[in-house]
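**Student:** Have a look at this prediction, sequence included:
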Amino acid sequence: MRSDIEKHFAVSGFVMNRERTKLLMVFHKKLNIWVIPGGHLEDNEYPADGAIREIFEETGINATVINSSKFEFNGNEKESSIATPYVMLSEFIPKKGEKPAHVHMDFIFLCMADEESPKKRETEVVDVKWMTWEEVLKSDTFESIKEFARKRVGKNERTQIRNNTIL
């Protein structure tokens, strides 16, 4: 990755339904492809809180972050653990009009939500829907999202989650 390019913190979520058979996807107006809900992290915002906010802003869905950390420190007022992303990606965003090219340093969280009907809420989102893993694999989306779907096919009952933490 280039070190001379401007970088922005971004957050997003792999939002699965409770049965872990579908993924929440949004059709992005500018990118013209299906992506997971997400956006820029705001000042003074924890990454997991930003992911939950972005998911709700774009879809109307109330999601819960599944902590991916294998280490939990329930310390004291000076230090404690915060939710750990499932993965972090560096994503190159090309120049568009007056906006210069930049990099999104994306904290991607594993999330769960009830499979209720999503509601398109943001102007940058054209459509929003729950997709089966097979639909994700056939969709026009980023390779990282397809890789996540490939790893999920047939694993619904095998991923152990307790108290919003992957075991």
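**Tutor:** It's in.
**Student:** ok, Cys20 touching Arg152?
**Tutor:** Small correction: residue 20 is Arg, not Cys. Yes. Arg20 is within contact range of Arg152, at 7.1 Å (criterion: CB atoms under 8 Å). Placement of C-beta: from N, CA and C, glycine included.
**Student:** These two: which has the busier surroundings?
**Tutor:** Regarding Arg20 and Arg152, a neighbour count based on other CB atoms under 10 Å identifies Arg152 as having more, with 19 against 16.
**Student:** Now for the more buried one: which residues touch it?
**Tutor:** By CB atoms under 8 Å, 6 or more residues apart in numbering, the contact set of Arg152 is Met16, Arg20, Leu23, Trp133.
**Student:** got it, and Ile52?
**Tutor:** When contacts are counted by CB under 8 Å, 6+ apart, Ile52 touches Gly13, Asn62, Ala63, Thr64, Val65, Cys111.
**Student:** Ok, Phe27 next?
**Tutor:** Ile33, Trp34, Val35, Val125, Val126, Asp127, Val128.
**Student:** Check which element follows the helix or strand harbouring it along the chain.
**Tutor:** In this assignment (DSSP states H and E), Phe27 forms part of strand 22-28. Per DSSP H and E, the first helix or strand lying C-terminal to strand 22-28 is strand 33-35.
**Student:** That'll do, ta.
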